[in-house]
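Enquirer: Curious how this folds, go ahead:
(2 chains)
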Amino acid sequence: EVQLVESGGGLVQPGGSLRLSCAASGFTFSSYDMHWVRQATGKGLEWVSAIGTAGDTYYPGSVKGRFTISRENAKNSLYLQMNSLRAGDTAVYYCARDGGYCSGGSCWGAFDIWGQGTRVTVSS
Amino acid sequence: DIQMTQSPSSLSASVGDRVTITCRASQSISSYLNWYQQKPGKAPKLLIYAASSLQSGVPSRFRGSGSGTDFTLTISSLQPEDFATYYCQQSYSTPRTFGQGTKLEIK
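Expert: Numbers count the residues shown, from 1 in each chain, chains lettered A, B, ... in the order given. I've put the predicted structure just below:
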C-alpha cells in the first residue's frame, strides 16, 4: 500500500524548534518530488516547502530562512526542520507526494498521496 | 507569487444538483491547475490534475475545465459523499499556491 506517515508534531514555545518526519512506503521514494503543506484550524491549505529528487529545495517567503526540508532516500524519509517558530506556524502539517504526471513531453505536478497530518502547536 | 481566487467561498446544494466552482489565477498558468477535495479531519484528496485530467479512482461526475487564468470544477450530480471543501492549486510555479477553498454544504 502506498502510504505516508508523519510524526514529530507537538507543543513548542515561541522561538523553539521542532523536526517533523514523514515515512514513505509502497513506492520508490527517491523517484518523487516531495512537499510539506500546512493547515491552521479552520483555515485553508498553505504550501510550506518542496524538495526535488536531486535535493533541490523550495520555500515560500513565510518560512524561508526558518524551515529546512530534507530527505533521506535510504530510509524512505522526508523531514522538516522548523526553527524560530511563531504562533502563526500553528497548524496540521501534511507531507505529500508530487505525482509528476507527464504526457507528450510536458509534466504537471499534483499532490497525489498525502499523509494523515501531524499537529504543531506553538504557544507559551 | 501567483494568487488563486475561488468562488464562491461557500455553496449550498442538494443531492442530485449540478454545481460549478470557479478558480481564477492572477496570471496565466496554462493548464497547471489541480483540484482537491477535503473532508473534515482528513487529508486532501486529488480529484483533477492538469486542469481536466481525472485522477484514477475519482468518479466521472467530477469534471475540470479551463486554461490560462480561468478554471472550473463541475460536479454533474451531487452525491452525499461530495459534501466537502474544494481547493484549487496552481503547479505552474513555486510557491504552489492554493485557492482559499469552497465549502459545499447540504441544502
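Enquirer: what's residue 31 sitting at in phi/psi?
Expert: All of this is about chain A. phi -90, psi 0 (degrees, to the nearest 10).
Enquirer: wait, chain B
Expert: Dihedral angles (degrees, to the nearest 10) for B:S31: phi -110, psi 20.
Enquirer: mind listing what it touches?
Expert: A:108, B:50-52, B:66-67 (CB atoms under 8 Å, 6 or more residues apart in numbering or on different chains). Where C-beta positions appear, they are placed from N, C-alpha and C, glycine not excepted.
Enquirer: biggest separation within those residues, which pair?
Expert: Within the contacts of B:S31, A:W108 and B:G66 form the most distant pair, 13.8 Å apart (CB to CB).
Enquirer: for the most centrally placed residue in chain A, which residues make a bridge with it?
Expert: Central residue of chain A (CA atoms, centre = their mean): A:W36, 2.0 Å from the mean position. Here A:W36 sits in beta bridges with A:S49, A:C95, as judged by DSSP bridges.
Enquirer: got it, and B:R63?
Expert: Assessed by DSSP bridges, B:R63 has beta-bridge partners B:T74.
Enquirer: what does chain B have sitting close to chain A?
Expert: Contacts of chain B with chain A, taken as CB under 8 Å from any CB of the partner chain, map to B:1, B:31-32, B:34, B:36, B:38, B:43-46, B:49-50, B:53, B:55, B:87, B:89, B:91, B:94-101.
Enquirer: Return the members of the residues you listed classed as buried.
Expert: The neighbour count (16 or more other CB atoms under 10 Å in any protein chain shown) marks B:31-32, B:34, B:36, B:38, B:43-46, B:49-50, B:53, B:55, B:87, B:89, B:91, B:94-101 as buried among those.
Enquirer: and A:G44, what does it touch?
Expert: Residues near A:G44 by CB under 8 Å, 6+ apart: B:87, B:98-101.
Enquirer: What are the phi and psi values at it?
Expert: The phi/psi pair for A:G44 (degrees, to the nearest 10) is phi -80, psi -170.
Enquirer: any idea how far it is from B:Y36?
Expert: Separation of A:G44 from B:Y36 (CB to CB, to the nearest Å) stands at 11 Å.
Enquirer: Please apply the same query to B:S9.
Expert: 16 Å.
Enquirer: Please name the spatially closest residue to the most centrally placed residue in chain B (chain neighbours excluded).
Expert: In chain B, the residue lying closest to the centroid (CA atoms, centre = their mean) is B:W35, at 3.8 Å. Closest residue to B:W35 apart from its sequence neighbours, by CB to CB, 6 or more residues apart in numbering or on different chains: B:I48 at 4.1 Å.
Enquirer: Pull the contacting residues for that neighbour.
Expert: Applying CB under 8 Å, 6+ apart to B:I48 gives the contacts B:33-35, B:54-55, B:58, B:62-64, B:73.
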